[in-house]
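**Q** Need a 3D model of the sequence below.
(chains A and B)
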Amino acid sequence: MPVGAKAMIVREALQGLFDALVTEGYRTLGPTLREGAIVYDDVRHVSELPAGWTDSQEAGRYQLRRREDAAWFGFNVGPHSWKRFLHPPLELLWSARRSGDSFEITVPAAEAKLALIGVRACELHAIAIQDRVFCAGRYRDDSYQARRTDTFIVAVNCGQAGGTCFCVSMGSGPKAAAGFDLSLTELLGADRATFLVEVGSEAGARMLERIASRPPTEAELAGAQAALERTAARMGRKLDTTHLRELLREQAGHPRWDEAGERCLSCGNCTMVCPTCFCTSVEDHSSLDGAAAGRVRLWDSCFTLDFSYVHGGSVRHSTGARYRHWLAHKLSYWIDQFGTSGCVGCGRCITWCPVGIDITEEAAALRTPGRAKRKEVTHEEP
Amino acid sequence: MTVPRHSALVPALYRVGEVYRELPDTVTLRLVPESGRRPPYTPGQFNMLYAFGVGEIALSISGEGAEESFLHTVREVGAVSTALARLGVGARVGVRGPFGTGWPAVQDTDVIFVAGGLGLAPLRPAIRRVLAGRGHYGRVAILFGTRHPAEMLYLQELEHWRQRLDVDVSVTVDHADALWHGNVGVVPALIARTTFDPNRSVAMVCGPEVMMRFAVGALREAGVPDERIYLSMERNMKCAVGLCGHCQFGPEFICLTGPVMRFDRIASLFSTREI
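**A** Residues are numbered from 1 along each chain as shown, chains lettered A, B, ... in the order given. Model (predicted):
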């Protein structure tokens, strides 16, 4: 089947895809229910998918609810994103062993290749953004690149919009347009549930050939299209991106930063749940006998004081300055650095902020001039 | 799926060839590559130095030495710098680099070096380069400020530069002692007293940010255009290759577009608090 081709499979046939991927040596990852949330983890059987569950999201609020139907992908996005696997929260970069005055460094062996099942349109964009961050610059992140090269992606089109979603504003959804091997649209017919499958790559076509499919009817194609249009029309949030890059630079002295800083707990939740935030720190370890050592890389957050610490103190000591850095990086500096916004409109940072700070509301507030409280540093006085 | 060994995140092994005691808490290490070949560098660039089991820090290259080596001047400040400063000859360290931008290669202009404290270390290879090709430059001035006469870095080399008739060396201290007969005060104050042609000179500045702030003010006052002023910026540094996000200075990654930055390109960032 050529790239762009569409086919129908009965819902249960998805198990065949899981099985085929496992046979091919993939570690299959997908959404599953755990501790009151829909998270991404190892999933080998369709029975592990969150059938009949949905999520209700608002600023600072996430709640699972029962659906009236038994949809397998009838929810939006949870606290996890795929960066958890492609850019792991903890990764051994290398280990070293002492021998006399010297030491020897070894790099860990590669892990199993990954199949991501249930990737939303906003998340495809987030992965594409991290690809640019890690693979398109002067220096490449080799372990990320290795994981990405072998990743198989099964996208899922969103049949509903979440309360904090704004992918339409960011041009990143709700339809999975590129960057997948196969995409699924879940169609819940009165008699039988099916998936409309779209082929996104040759690898995807080869996988689809291993399960039973038939051509879609006009009505099925129209049904899938209508579902996407409905989703696009029901976004919970909106973000005006006009001149956002310039706006954030020009408004570095806006009083809104200090107001956000007064509400912000600098907990770093937004950076942990964000599918594009990529900042890391490193920690060096050594064994008690001093014979072995290693360096691990860990997710870090620009909301900590340590993040900007240089001898003498932290550069961004106020919470307002740290919030400003995060937002300005995401919506403005990112464009300078990587040629794309760092925001895909998934809404996670709004949902998982314990005090409900809303990125769309904060960005909009900067368009209203306020009396600057933040003094500029002049070159004449300290 | 293999991870190549040449990854920029994996240190290469270097041997401590020599340790020069500069000050009670500061040494210069001569680091010799175990591979036998030192990668090329530009004065102003930095390396990431790893002390086995302790950690890694960014350190400017303070020169080159025998056996294709790097010179690094280290002050005991934190755990890693202390571990590095206490290494003996023959010990191994991990080195990643060189990274970042260097001081501009200029010709036929006056050159003003403005250094505060340990800020003289990243400037030293640039000063050596200028003095080695002295005929290609106009006036050359080295303005150096340090806290106390007893904390004078590269004392011998400074004395050597001072004895040359073709270099204007001015040194000042924040706090004098009974034996000090020189200038007392901050280093930017020396700029107004130095003779140079502001429109055909290049200023290279390195020191604490507050000192650079005043130095830029004094250079502008003296008529030096923003695009002729270069600063070496410092931010928290972890990966040094634009992947960890720590060293961001507005949209700039100090590890990629710095540490040496042309002032006109960062003027608006430089005047923003906590950026």
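**Q** Can you name the residues that contact A:Arg67?
**A** With contact taken as C-beta atoms under 8 Å, 6 or more residues apart in numbering or on different chains, A:Arg67 is in contact with A:52-54, A:74. Quick note: C-beta positions are derived from backbone N, CA and C, even for glycine.
**Q** Turn those into JSON lines, including distance to chain B, neighbour count and secondary structure.
**A** Formatted as JSON lines, the entries for the contacts of A:Arg67 read as follows, by distance: C-beta to the nearest C-beta, whole Å; neighbours: other C-beta atoms under 10 Å in any protein chain shown; DSSP: H, G, I helix; E, B strand; the rest coil:
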{"residue": "A:Gly52", "distance to chain B": "37", "neighbour count": "14", "secondary structure": "coil"}
{"residue": "A:Trp53", "distance to chain B": "34", "neighbour count": "18", "secondary structure": "strand"}
{"residue": "A:Thr54", "distance to chain B": "34", "neighbour count": "21", "secondary structure": "strand"}
{"residue": "A:Gly74", "distance to chain B": "34", "neighbour count": "20", "secondary structure": "coil"}
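**Q** Redo the residues you listed as TSV? Include pLDDT.
**A** Converted to TSV, the contacts of A:Arg67 look like this (pLDDT from 0 to 100):
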residue	pLDDT
A:Gly52	96
A:Trp53	97
A:Thr54	97
A:Gly74	96
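**Q** Tell me the confidence at the residue of chain A most remote from its centre?
**A** Here chain A has its C-alpha centre computed as a mean, and the residue farthest from that point, by C-alpha atoms, centre = their mean, is A:Gly100 with 45.2 Å. What the model reports for A:Gly100 is a pLDDT of 86.
**Q** ok so, going back, ok, the contacts of A:Arg67 vs B:Glu67, which is closest?
**A** A:Trp53 (66.1 Å; C-beta to C-beta).
**Q** Surely that closest one is in contact with A:Phe75?
**A** Yes: taking C-beta atoms under 8 Å as the contact criterion, A:Trp53 and A:Phe75 are neighbours in contact, 6.2 Å apart.
**Q** which residues do these two both contact?
**A** By C-beta under 8 Å, 6+ apart, A:Trp53 and A:Phe75 have these common neighbours: A:Ile38.
**Q** do you know how far the nearest residue to A:Leu196 once chain neighbours are set aside is from A:Gln160?
**A** Nearest residue to A:Leu196 in three dimensions, chain neighbours excluded: A:Thr185, at 4.3 Å (C-beta to C-beta, 6 or more residues apart in numbering or on different chains). With the distance defined as C-beta to C-beta, to the nearest Å, A:Thr185 ends up 12 Å from A:Gln160.
**Q** neighbour-wise, which of those two wins?
**A** Summary of the neighbour comparison: A:Thr185 and A:Gln160, criterion other C-beta atoms under 10 Å in any protein chain shown, with A:Thr185 having more neighbours (27 against 18).
**Q** Of all the residues in stretch A:356-366, which ones are buried?
**A** Using 16 or more other C-beta atoms under 10 Å in any protein chain shown as the test for burial, stretch A:356-366 gives A:357-360, A:362-363, A:365-366.
**Q** which residues in the stretch 151-275 of chain B form helices?
**A** Shown for the stretch 151-275 of chain B, the helices assigned by DSSP state H, counting those that start in this stretch span residues B:155-163, B:188-191, B:209-221, B:254-257, B:263-270.
**Q** Show me the one of those that comes nearest chain A.
**A** Smallest distance to chain A across the helices of the stretch 151-275 of chain B (C-beta to the nearest C-beta): 4.1 Å, for helix B:209-221.
**Q** any idea of the angle that closest one forms with helix B:263-270?
**A** 130 degrees (axes from the mean of the first three to the mean of the last three C-alpha atoms, to 10 degrees).
**Q** Please name every helix or strand in contact with helix B:209-221.
**A** Identification of packing neighbours for helix B:209-221 by 3 or more C-beta pairs under 8 Å, 6 or more residues apart in numbering or on different chains; DSSP states H and E yields strand B:110-116, helix B:188-191, strand B:201-206, strand B:229-232, helix B:263-270.
**Q** now for these, which one comes closest to A:Val154?
**A** When the helices and strands packed on helix B:209-221 are ranked by distance to A:Val154, counting by C-beta to C-beta, first place goes to helix B:263-270 at 42.9 Å.
**Q** what's next to that closest one, contact-wise?
**A** Outside helix B:263-270, the residues within contact range by C-beta under 8 Å, 6+ apart are A:249, A:377, A:379, B:213, B:216, B:225-227, B:229-231, B:233, B:249-250, B:252, B:275.
**Q** and with 6 Å instead?
**A** Residues external to helix B:263-270 that are found in contact with it (C-beta atoms under 6 Å, 6 or more residues apart in numbering or on different chains): B:226-227, B:229, B:231, B:249-250, B:275.
**Q** Could you work out the most separated pair of the residues you listed?
**A** Top of the distance list for the contacts of helix B:263-270 (C-beta to C-beta): B:Glu227 and B:Ile275, 20.7 Å.
**Q** Looking at those two, which is more packed in?
**A** Neighbours around B:Glu227 and B:Ile275, counted as other C-beta under 10 Å, are more numerous at B:Ile275. The numbers are 21 against 12.
**Q** show me the residues around that one that make contact.
**A** Listed by C-beta under 6 Å, 6+ apart, the contact partners of B:Ile275 are B:250, B:269.
**Q** For it, give me the pLDDT.
**A** pLDDT for B:Ile275: 93.
**Q** that older thread, ok, now which ones touch the residue nearest to A:Leu196?
**A** For A:Thr185, the contact set (C-beta under 6 Å, 6+ apart) comprises A:157, A:196, A:224.
**Q** Among those residues, name the ones in helices.
**A** Where the contacts of A:Thr185 overlap with helices, as defined by DSSP state H, the overlap consists of A:Ala224.
**Q** moving C-terminal of the longest strand along chain B, what's the next helix or strand?
**A** Using DSSP state E, we find that the single longest strand of chain B is strand B:12-23. Past strand B:12-23, further along toward the C-terminus, the next helix or strand under DSSP states H and E is strand B:26-33.
**Q** residues in contact with that following strand?
**A** B:14-22, B:65, B:67, B:69-75, B:85.
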